[in-house]
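# Sequence plus the predicted model coming up.
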Amino acid sequence: MGDSRYKRVSRILPCLICGKPDWCSRTFDESISFCARITDGADRLSRKERWGVFYHNRALFNQPRKRVGEPKNHLKKSEDIPLAPLEIRDFIYNSLLRLSPASRFESLTTGLRGLCERSLTNYGDYGGLPCSADDRKYLAARLRLLFNQNFPSFVRENHKGLAHIPGFWTDKQGEACLWQTRDSKQPLLIIPYRNPAGMIQACQIRFTGTLKPNKKRYLWLSLPKMNSAGSGTPLHFASWKTFEQSDPKKPLLITEGALKADVTTRLLPKFYSLAISGVGCSHELVVNISRGKPLYLAFDNDYQDNPAVLRQITRLLKLRLKNGDGEQTVTKILTWSRDDKGIDDALAKNQKISEMTIPNWFSTLDENCRETVRKVWTGD
């Protein structure tokens, strides 16, 4: 039986699944991990937060959950609210970007680490959440009116209404709300995740300015704890405007996070750029989409110092080789100076981006990293 006591992850002992030092937790004996970022490949999802629950000791999986010692907040029951159809989500999110565009907020566009600094001048493709909770509530009220007017049949048949769209919920007075009830110090950037046709499936938000070490910079615009639908972990097709042309010779580039993919689309147009929401997410989707196409991986440089990230990259490579005709198609790793963590940072500085075959990339790893790769490659 696993140890019933739980502890938060830290920089010294990061999450065994996503490799990050915050938010996630595990048992003291490391038999179970609760990952706040990765759900792909999880044994199950926690009921309320919808975190990925990973059993490292497989014998525990069939035991009653209360005996496993799962933290109380994972046992609380909440109503699962299904997602609204894509056409409704796309309409509401596009309306949100129109009513509250990123261009309203200088800090999001021309400010430090803003869109302009990332070579993204298409400000209309992004939105901004106001600092004031009252302003966000006013936005929610306007969007609910549009929602009711344009989709009356859905509203009649689904009593939760706007709450079927991640990020929106209804308070005790029945008023529509958007995001959290407290004010923020700075406006939040809204980043859409688009499908191959350009329709918005879900949105992330990015916090600007200096954050405390235990705070995440990116979050889904989603509040399941407030009885709102969850976003899931969709792919973002940054090159959606040209993706449907289906040039079989044009390679796919996979990175982590929509902004990075948008930057590579702008600065590396020779690729079709896609983003996964986390390095451990959507592996099967990536393999299916890239089948028969050259695939280039452009994940952050921290995989060399983070075994959990390296394991996820290796799992993706292994899955492509096993199920995605990887032997017949090109698969390469993009690398750059380790002074820059992400490919977007490297491109902003005009750093050289190198292409490496998998064997050559493996040869650049130190022995500890190689051993991590070997264990995943030879394991189940």
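Sure, I can see it.
# Show me what counts as buried in the host helix or strand of Asp90.
Asp90 belongs to helix 86-99 when assigned by DSSP states H and E. For helix 86-99, burial by neighbour count (16 or more other Cβ atoms under 10 Å) applies to Ile88, Arg89, Asp90, Phe91, Ile92, Tyr93, Ser95, Leu96, Leu97. Quick note: C-beta positions are derived from backbone N, CA and C, even for glycine.
# in the stretch 251-380 of the chain, which spans are strands?
Taking DSSP state E, counting those that start in this stretch as the criterion, the stretch 251-380 of the chain carries its strands at 252-256, 272-276, 295-297, 331-335, 354-357.
# helices or strands up against the shortest one?
Going back to what we said before, that points to strand 295-297. Packing contacts for strand 295-297, counted by 3 or more Cβ pairs under 8 Å, 6 or more residues apart in numbering; DSSP states H and E, involve strand 252-256, helix 307-323, strand 331-335.
# Could you do the fourth one as well?
Secondary structure elements in contact with strand 331-335, counted by 3+ Cβ pairs under 8 Å, 6+ apart, are strand 295-297, helix 307-323, strand 354-357, helix 358-364.
# Okay, angle between the helix or strand where Leu145 lies and helix 86-99 too, please.
Taking DSSP H and E as the definition, one finds Leu145 inside helix 133-150. Per axes from the mean of the first three to the mean of the last three Cα atoms, to 10 degrees, the angle that helix 133-150 makes with helix 86-99 is 130 degrees.
# Just the buried residues of the next helix-or-strand element following helix 133-150, please?
Using DSSP H and E, the helix or strand that follows helix 133-150 towards the C-terminus is helix 152-157. Neighbour-count burial for helix 152-157 flags Phe154, Val155 (criterion: 16+ other Cβ under 10 Å).
# hmm, who's touching helix 152-157?
Ala84, Pro85, Ile88, Phe147, Asn148, Gly161, His164 (Cβ atoms under 8 Å, 6 or more residues apart in numbering).
# Identify the farthest-apart pair in those residues.
Pro85 and Asn148 (15.6 Å; Cβ to Cβ).
# Sketch out the low-pLDDT regions of the stretch 151-300 of the chain for me.
Across the stretch 151-300 of the chain, the ranges flagged by pLDDT under 70 are 244-246.
# is it true that Phe362 touches Val373?
Yes. With contacts counted by Cβ atoms under 8 Å, Phe362 reaches Val373, the gap being 6.4 Å.
# picking up where we left off before, from the helices and strands packed on strand 295-297, which stretch is densest packed?
strand 252-256 (a mean of 24; mean count of other Cβ atoms under 10 Å).
# what about that one, distance to the chain center?
Relative to its parent chain, strand 252-256 has a centroid offset of 13 Å by Cα atoms, centre = their mean, to the nearest Å.
# Give the pairing partners of it; include direction for each.
Strand 252-256 has its sheet partners listed here by DSSP bridges as strand 272-276 (parallel), strand 295-297 (parallel).
# tell me the angle it makes with helix 307-323.
Going by the same axes, to 10 degrees, strand 252-256 makes 150 degrees with helix 307-323.
# got the contact list for strand 252-256?
261, 264, 268, 271-279, 286, 289-290, 293-300, 334, 342-343.
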